[in-house]
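>>> requesting a structural model of the entry that follows:
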Amino acid sequence: MKTNWMKLSLAAIGLASALVTPVADASANRHARICDMIPPNTQLYGINADSGISKEMFDKIIDAVEKIYGPIIKEKGGNLVVERNWDDDTVNAYAERNGDTWSVSMFGGLARHPETTPDAFAMVLCHELGHHLGGFPQYGYMSWASTEGQADYFASLKCMRTVLEKIDNWETVKRWYPAAEVPQVVKDRCARGHKDQQQFAICIRSAEGGLALARLLADLGGSPMPQFDTPDKSVVKKTVEGHPEAQCRLDTYFQGAVCPVSEKIDTSQTDPTVGTCHEGTSVPNFARFRTMGDVNTFGIRPYCWYAPKSDDDGGTRVTRRW
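The predicted structure is shown next:
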């Protein structure tokens, strides 16, 4: 399902934006980094475009996230720097760390991709912060950086909730995501994970933002368009460090969004069970899920990229890209 989201959001916010036809060009890979949001691709979107999000929204989202996460990273000994490469047509984003500079680079090409919505763009920024703050599991050869799947999980489990906490999300959901267009599985699972209306609304926004982002990833990767009711049923034997498939990534965003563990409980650099949903999760009222058949899997990291036993036993992780 693909709603005419951009027309809806522009009408609600009164913004204008720009797009150009994608161009195949090897130069699109010039910004490739280990912590890319997206595997290297050849799509480019220039500044004369008319879909995606506007520069005003691009800056507004970055401003909001910087204001909240700048002090958080400062407390952890780093200085957050968000590079705003609006004029750059690259469809990607990445994170780096040099000394006490914890950087995130965001590109206009990504913002102008036709699948990009404000919530999808916020999810990308949250994903890149997840490389810095997401916790275990991390890349085996770059211990500061959480793996791609863990950064995805952090985006909806912690970051989106933290960024949207003080916004009237229920009114936003009613404007941007009409009830008839939100899949029933999303409404049901968000309601199960979050009884509070504010948290329920944030769950809807994170799930729908995750869907738009996963569609973008599928478009770039040439894979089938992901849906909420077609989860990736593959089970890895070792945790994947690199980019999972688009459907698996949507599953991760959705699981993080519905997990009832509070965003105020930080993840751990060494223990994958701290601050997350996992098999045997114990949180207030979690027992109410016992009659629903998925008490052991509700909100956990999907097994299409995460192998908890290999991590607990110190098993070797592998990298997989599209």
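>>> next, count neighbours for residue 242.
If you count neighbours by other C-beta atoms under 10 Å, residue 242 ends up with 18. In this view, the C-beta of every residue, glycine as well, is placed from N, C-alpha and C.
>>> helix or strand for it, which one?
Assigned by DSSP states H and E, residue 242 belongs to no helix or strand.
>>> ok, it touching residue 150?
No. The criterion here is C-beta atoms under 8 Å, and residue 242 misses it with residue 150 at 11.8 Å.
>>> may I see the buried residues of stretch 92-99?
Across stretch 92-99, burial judged by 16 or more other C-beta atoms under 10 Å covers 92, 93, 94, 95, 96.
>>> residue 213 and residue 253 touch, don't they?
Yes. Residue 213 is within contact range of residue 253, at 7.1 Å (criterion: C-beta under 8 Å).
>>> can you list residues touching both of those two?
residue 123 (C-beta atoms under 8 Å, 6 or more residues apart in numbering).
>>> hang on, the earlier thing: which pair of the buried residues of stretch 92-99 spans the longest distance?
Greatest spacing in those, by C-beta to C-beta: 92 and 96 (12.9 Å).
>>> common neighbours of those two, please.
Shared contacts of residue 92 and residue 96 (C-beta under 8 Å, 6+ apart): none.
>>> for stretch 84-103, what is the distance to the chain centroid?
16 Å (C-alpha atoms, centre = their mean, to the nearest Å).
>>> start the count at 305, not 1, going forward
Noted, 305 is the first residue going forward, which turns the last one into stretch 388-407.
>>> what is the end-to-end distance of it?
11 Å (C-alpha to C-alpha, to the nearest Å).
>>> can you give me the buried ones in stretch 350-368?
350, 353, 355-359, 361-362, 364-366, 368.
>>> could I get the residues you listed as TSV with secondary structure and pLDDT?
Formatted as TSV, those follow (DSSP: H, G, I helix; E, B strand; the rest coil; pLDDT from 0 to 100):
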residue	secondary structure	pLDDT
350	coil	91
353	coil	82
355	coil	86
356	coil	95
357	coil	97
358	coil	96
359	helix	96
361	helix	97
362	helix	98
364	helix	97
365	helix	98
366	helix	98
368	helix	97
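>>> ranking helices and strands of the chain by mean pLDDT, which lands last?
Using mean pLDDT, DSSP states H and E, the weakest-scoring helix or strand in the chain turns out to be helix 309-317, at a mean of 32.
>>> the residue nearest to residue 486 when sequence neighbours are not counted: helix or strand, and which one exactly?
In space, residue 486 comes closest to residue 508 once its chain neighbours are excluded; the distance is 6.2 Å by C-beta to C-beta, 6 or more residues apart in numbering. Using DSSP H and E, the element containing residue 508 is helix 501-525.
>>> what is that helix packed up against?
With contacts taken as 3 or more C-beta pairs under 8 Å, 6 or more residues apart in numbering; DSSP states H and E, helix 501-525 sits against helix 422-437, helix 464-468, helix 473-480, helix 488-497, helix 550-562.
>>> could I get those as JSON lines with mean neighbour count, mean pLDDT and distance to residue 532?
Output for these, formatted as JSON lines (neighbours: other C-beta atoms under 10 Å; pLDDT from 0 to 100; distance: least, C-beta to C-beta, whole Å):
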{"stretch": "helix 422-437", "mean neighbour count": "27", "mean pLDDT": "98", "distance to residue 532": "15"}
{"stretch": "helix 464-468", "mean neighbour count": "23", "mean pLDDT": "98", "distance to residue 532": "17"}
{"stretch": "helix 473-480", "mean neighbour count": "17", "mean pLDDT": "93", "distance to residue 532": "16"}
{"stretch": "helix 488-497", "mean neighbour count": "17", "mean pLDDT": "95", "distance to residue 532": "5"}
{"stretch": "helix 550-562", "mean neighbour count": "27", "mean pLDDT": "97", "distance to residue 532": "6"}
